[in-house]
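S.K.: Provide a 3D model corresponding to the input given below.
(one chain, ligands or ions: 1)
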Amino acid sequence: MPSVLFHPDHRLWLLRGATSAYAIRLAEDDSVRHVHWGAVLTLDQAAELPERVSPAASSFEAEAGVDELAVEGGARFGPPSLLVRFADGTRGVEWRYTGHDIDGGHLRIHLRDRHYPLHVTLNYRMHGDGDVIERWTNVENRGDDAPVTVLRCDSAAWAAPHRPHYRMSHLVGGWNSEFQVRRTDVPVAETVLTSRRGMTSHHANPWLAVDDGTACEDHGEVWSTALAWSGSWRISLHRDPVGRTTWTGGFGHEGLSWSLAPGEALETPVFAGLYTANGFGAASRAWHAHVRAHVLAHPDETRPVLYNSWEATGFDVDEAGQLALAARAASLGVEMFVMDDGWFGGRRSERAGLGDWTPNPDGFPSGLGPLAAEVRRLGMRFGIWVEPEMVNPDSDLYRAHPDWVLHMANRDRTEMRHQLVLNLARPDAAAWTHAWLDRLVAEHAIDFLKWDANRPFTEAGWPGHEDPDRLWIEHTRSVYRIMDRLRADHPGLRIEACSGGGGRADLGILARTDQIWASDNTDPVDRIGIQHGFSQLYPAQVMSAWVTDSPNVATGRRTPLRFRFHVAMAGAPGIGGDLTTWTQEELKESAELVAAYKRIRHVVQHGEQHRLRGDGTLAGVEYVREDEHVVIAWCPTRAFGHTPAPLRLAAVRPDAVYRDLDTGATYPGALLLQSGLPLGLPPGDHASALVRLRRADQV
Ligand code: DGJ
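M.R.: Predicted coordinates:
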């Protein structure tokens with residue numbers, strides 16, 4: 001059964017996923033209108049559905065339905081998805097349908113303006129194995145004399161069906177506090193989620209879920225969407241006073257404009273949408289499955305346990321110090337040793353050296369060769385930190401090329417962390433950047449790059465360029481191109497996306513990286529909430545999580561080693577503490593915990609994830625793969641000294657029996673579902689448990 005169907009009499013298209021359907025129709029004026037996004041329908045049923053017209057038409061409001069890509073023009077007053085201005089000053093678009101084609105699960109609807117040579121294609125793609133619909137837009141100036149100014153070009157607009165209430169869920173935060181879930185009523189207003197920073201941002205993540213206010217983890221309809229873009233972006237959610245809720249999203253923020261020369265085309269990133277009927281948990285699992293099947297390059301690969309030197313050394317980096325850490329890391333069972341910031345140029349602090357990508361001669365008198373060789377001799381792979389988009393003004397690179405940074409005439413160059421942003425939209429800066437990365441990776445057979453970016457854009461100008469706002473698109477595309485080329489030329493290379501922690505997490509970066517450093521905050525108590533938010537969209541296998549020193553460097557909180565490990569084990573863990581100060585007991589316990597992780601990681605990284613909530617203070621996650629279950633539970637603080645109730649599991653079968661692989665205890669599934677798994681948590685704060693269960697038998 002093809003996943004895209006067309007009904008010529010009704011000029012209606014139906015996209016069918018595994019458990020959902022999406023229908024759109026060509027209106028009389030050739031606008032593409034939204035019809036349905038929800039439960040599965042047949043083509044004939046969809047053809048019977050009415051359009052969502054305004055129930056309050058008057059001389060102040062047209063009856064017209066909801067556009068799939070709203071333009072300026074006609075009686076449209078909501079947030080536009082596509083805003084253009086032609087050379088004669090005319091704004092807006094009047095549509096003419098020119099045809100469509102269907103290629104497997106990919107539908108292209110071709111439109112053009114009735115008068116001007118502007119051609120637009122609306123793309124819809126389903127992969128046949130789930131319910132995610134990928135949507136994007138192509139615009140092309142097919143004229144031969146005048147440019148077209150594009151003031152906004154979103155990837156897609158989405159609409160929730162009529163419900164008495166609407167609620168939105170989104171992710172907010174800041175440095176050290178990323179991915180906090182916010183769930184609030186959708187106001188009758190326009191609500192904008194955005195990044196104007198040139199990066200995805202810590203402050204808002206391009207994920208938005210809408211429900212009617214009744215959905216919870218395991219029931220209720222959820223319409224969720226995610227933008228695959230790692231630069232500035234905007235999603236505008238509009239709940240109108242007559243009960244319609246729609247949202248439009250794409251790259252760039254307000255106030256930018258792009259000039260399309262004759263013959264030039266622009267393609268937006270994907271804005272993907274997903275309808276699920278069984279709550280936020282089912283939505284997350286469907287997104288995780290989509291990310292694995294259609295976004296990640298190496299979903300079946302198991303992420304290694306890594307060591308990262310940042311919290312141990314800061315900028316005090318040299319060969320002897322790294323070797324000492326590497327020896328200890330290897331003895332714990334670590335599989336990848338990653339040397340962080342401070343290894344190059346004159347980089348002894350945040351103030352200097354960024355951009356000078358040759359090993360610091362004092363710290364590495366014989367270059368990186370001896371360290372890389374010793375790391376490998378110890379049985380680990382070798383990774384290294386880079387920040388290719390940035391430069392310290394106090395660097396040879398900046399002294400040679402002060403014009404390579406984002407800047408504007410007659411404006412200060414605002415420094416943040418004493419650094420400026422290289423304009424990688426410039427072909428010369430991009431070629432130079434690719435060349436040093438390629439050399440570095442080739443020379444030392446680097447296995448892993450931690451690709452960092454520690455500040456947002458400011459004074460984002462490109463003096464001398466005729467269309468300078470292009471850099472907001474082209475910088476990000478250039479980062480993508482460099483990563484793609486490095487990966488193609490060095491097939492063993494794996495990349496971790498980082499922007500001062502979780503400032504660059506999105507489906508665009510995940511298409512060319514393997515994991516994401518979710519936050520610089522490694523305090524396990526804070527991390528539980530950060531990881532909870534991260535898991536709404538991103539699967540556990542891409543979530544890098546380190547075990548660091550206690551007290552924690554960010555919060556000063558003291559926590560037991562076991563608790564720190566158990567929190568990190570919910571993703572792809574690493575160790576980031578100063579191992580030279582850990583006691584023999586701590587090292588021994590760490591080695592045991594690393595070994596314990598290796599016993600569960602095939603389930604954590606490749607299984608399905610179910611978030612669990614206990615009675616207030618207890619949180620946990622259950623991972624399932626075939627007949628294996630892993631439960632990790634955390635009790636950050638034991639309120640009133642009360643013993644937490646057993647943790648109810650979510651993904652066991654009531655008619656099966658489950659055996660604890662470590663203690664041999666058995667539990668009927670019905671008991672695990674209804675009264676919960678006894679965890680035997682020790683008294684006090686920062687208690688945690690790791691339980692491995694296997695389905696043993698039918699009762
Ligand atoms: C920010 C990252 O998030 C940290 O892990 C570390 O790599 C520092 N940058 C280094 O400058």
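
S.K.: Would you mind measuring from residue 89 to residue 149?
M.R.: Residue 89 sits 10 Å away from residue 149, going by CB to CB, to the nearest Å. All C-beta spots, glycine's among them, are computed from the backbone N, C-alpha and C.

S.K.: actually residue 396, sorry about that
M.R.: Residue 396 is 40 Å from residue 149, by CB to CB.

S.K.: returning to that earlier point: for residue 89 and residue 149, indicate the residue with more neighbours.
M.R.: Between residue 89 and residue 149, counted using other CB atoms under 10 Å, the more crowded position is residue 149 (17 against 6).

S.K.: Okay, and the more buried one sits in which element?
M.R.: Remark: residue 149 resides in strand 148-153, with elements defined by DSSP states H and E.

S.K.: just residue 36 next, same as before
M.R.: strand 32-38.

S.K.: Can you mark which positions in the helix or strand following that strand are buried?
M.R.: Remark: after strand 32-38, the chain's next helix or strand is helix 43-48, criterion DSSP H and E. Residues of helix 43-48 classed as buried: 43, 46, 47 (neighbour count, 16 or more other CB atoms under 10 Å).

S.K.: same check, this time on stretch 617-632
M.R.: Buried-residue list, stretch 617-632, by 16+ other CB under 10 Å: 617-624, 628-632.

S.K.: roughly how far apart are the residue in the chain that the ligand sits nearest to and residue 387?
M.R.: Nearest residue of the chain to the ligand, counting by CB to the nearest ligand atom: residue 341, 3.5 Å away. Distance of residue 341 to residue 387, computed by CB to CB: 7 Å.

S.K.: Look at those two and report which has more neighbours.
M.R.: More crowded of residue 341 and residue 387, by other CB under 10 Å: residue 387, with 25 against 22.

S.K.: In contact with that one, which residues?
M.R.: 341, 354, 451, 452, 453, 454 (CB atoms under 8 Å, 6 or more residues apart in numbering).

S.K.: follow-up on the earlier one: hmm, who's touching the strand holding residue 36?
M.R.: The list of residues contacting strand 32-38 from outside it, by CB under 8 Å, 6+ apart, reads 12, 20-27, 46, 49, 51-52, 64-69, 95, 109, 111, 122, 157-161, 221, 223, 246, 273, 275.

S.K.: how deep is residue 333 tucked in, by neighbour count?
M.R.: 18.

S.K.: Now do the strands in the stretch 101-250 of the chain.
M.R.: In the stretch 101-250 of the chain, the segments counted as strands under DSSP state E, counting those that start in this stretch are 106-113, 118-125, 133-141, 148-153, 156-160, 167-172, 180-185, 190-195, 204-211, 222-227, 233-239, 245-251.

S.K.: The stretch 551-699 of the chain too?
M.R.: Using DSSP E, counting those that start in this stretch, strands in the stretch 551-699 of the chain cover 572-575, 608-613, 619-625, 628-635, 656-660, 666-668, 687-698.

S.K.: Look at residue 639 and report its pLDDT.
M.R.: If you check residue 639, the pLDDT there is 86.

S.K.: List the contacts of it.
M.R.: Applying CB under 8 Å, 6+ apart, the residues near residue 639 are 616, 617.

S.K.: mind redoing it with 6 Å?
M.R.: Counting by CB atoms under 6 Å, 6 or more residues apart in numbering, residue 639 makes contact with residue 617.

S.K.: Tell me the pLDDT of residue 328.
M.R.: At residue 328, pLDDT is 98.

S.K.: OK, contacts around it?
M.R.: By CB under 6 Å, 6+ apart, the neighbours of residue 328 are residue 579.

S.K.: Now stretch 63-75: average pLDDT?
M.R.: 91.

S.K.: what does the stretch 451-600 of the chain have sitting close to the ligand?
M.R.: Residues of the stretch 451-600 of the chain lying close to the ligand (CB under 6 Å from any ligand atom) are 452, 454, 498, 500, 501, 517, 520.

S.K.: at 5 Å instead, please
M.R.: 452, 498, 500, 501, 520 (CB under 5 Å from any ligand atom).

S.K.: from those, which two are the most distant?
M.R.: 452 and 520 (10.3 Å; CB to CB).

S.K.: Mind jotting down where the strands sit in the stretch 351-500 of the chain?
M.R.: 381-386, 390-391, 420-421, 448-451, 494-497.

S.K.: rewinding a little: who wins for neighbours among the contacts of residue 387?
M.R.: For the contacts of residue 387, neighbours tallied by other CB under 10 Å; top is residue 354, 28 neighbours.

S.K.: Apart from its chain neighbours, what residue comes closest to that residue?
M.R.: residue 392 (4.0 Å; CB to CB, 6 or more residues apart in numbering).

S.K.: The one you found is in contact with residue 417, isn't it?
M.R.: No - here residue 392 lies out of contact with residue 417, judged by CB atoms under 6 Å, at a distance of 8.9 Å.

S.K.: The two: who's more crowded?
M.R.: A side-by-side neighbour count of residue 392 and residue 417, using other CB under 10 Å, places residue 392 first with 25 against 14.

S.K.: show me the contacts for residue 291.
M.R.: residue 539 are the contacts of residue 291 under CB under 6 Å, 6+ apart.

S.K.: Check for me that it belongs to a strand.
M.R.: No - assessed by DSSP: H, G, I helix; E, B strand; the rest coil, residue 291 does not belong to a strand; its assignment is helix.

S.K.: Would you check how far apart it and residue 404 are?
M.R.: Counting by CB to CB, the gap from residue 291 to residue 404 is 34 Å.

S.K.: Cool, thanks, signing off.
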